[in-house]
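Undergrad: only geometry, no sequence info:
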Ligand SMILES: [Zn+2]
């Protein structure tokens, strides 16, 4: 059996255009920006692997449509985001359409804890959920809620596992953690969008598929090395984008962010990143 990647679309989200690309004022600008994006997809991913199915991110829950699910005291939820998630969009249903029961999924990776990536955690009460220790630390508790995470919505008793990154670099990335014995699924740190953000690299027949979470919102903003508007560390975000671009010079790489409307067509056609001259050369 060969490895395959399937998109799991868990609804859509509209955000401010100052969130997709950082404008002067950064996160505050996001709140007051009058310009909204079109609805953007919310993708999670299934890696159908001979060692067992692996899910990357869990998407958003349809409960996000209920009054009071998001904290109305939080300015981001009050002014800067609109979800559209039906019951049939939830990841459990998306997986069952592919013939996989969520209870069969032993391994889940969260790129980060933002609600549209962690909203489907309740489908995986018995799975190992790999997260970076830094991300878990900042997402928890009341401070986590102020930062916009929803730790109060995580089901209790989840089996969070801190990713034991090694000390050795992996290409341009500072560390890596192999998730499969065959070595074809690897977690790499991609800090910036959030301090503990990670991405997942799947290698199939010599081509890398980079499940990028929110490392950037689109391939275009990766190529333009533009940080998003909600990062608290735009320099780190750009540093990560440069590392991804450098990596794509070392091997063919299909770039798959969670909210890029073009991600699925790139997955289906296998279209790899092609860099304009000079891109990625600076690191
Ligand atoms: Zn995010």
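TA: Thanks, I have it. Predicted model, so just to flag it, every value in this text is computed and none were measured.

Undergrad: all strands of the stretch 101-250 of the chain, in order?
TA: Counting by DSSP state E, counting those that start in this stretch, the stretch 101-250 of the chain has strands at residues 107-109, 128-131, 159-162, 177-178, 185-189, 198-204, 207-213.

Undergrad: Now mean neighbour count, mean pLDDT and distance to the ion too, for these, in a markdown table please.
TA: Backbone N, C-alpha and C define where each C-beta goes, glycine included. Listed next are those as a markdown table, based on neighbours: other C-beta atoms under 10 Å; pLDDT from 0 to 100; distance: least, C-beta to the ion, whole Å:
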| stretch | mean neighbour count | mean pLDDT | distance to the ion |
| --- | --- | --- | --- |
| strand 107-109 | 25 | 98 | 14 |
| strand 128-131 | 20 | 98 | 14 |
| strand 159-162 | 14 | 98 | 18 |
| strand 177-178 | 16 | 98 | 21 |
| strand 185-189 | 24 | 98 | 15 |
| strand 198-204 | 23 | 98 | 12 |
| strand 207-213 | 24 | 98 | 7 |
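
Undergrad: Distance to residue 48 added to these, as TSV?
TA: Converted to TSV, these look like this (distance: least, C-beta to C-beta, whole Å):
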stretch	distance to residue 48
strand 107-109	12
strand 128-131	17
strand 159-162	21
strand 177-178	18
strand 185-189	11
strand 198-204	10
strand 207-213	12
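
Undergrad: among these, which is nearest residue 271?
TA: Smallest distance to residue 271 across the strands of the stretch 101-250 of the chain (C-beta to C-beta): 10.4 Å, for strand 207-213.

Undergrad: What's the end-to-end length of stretch 106-126?
TA: Using C-alpha to C-alpha, to the nearest Å, the end-to-end distance of stretch 106-126 comes to 7 Å.
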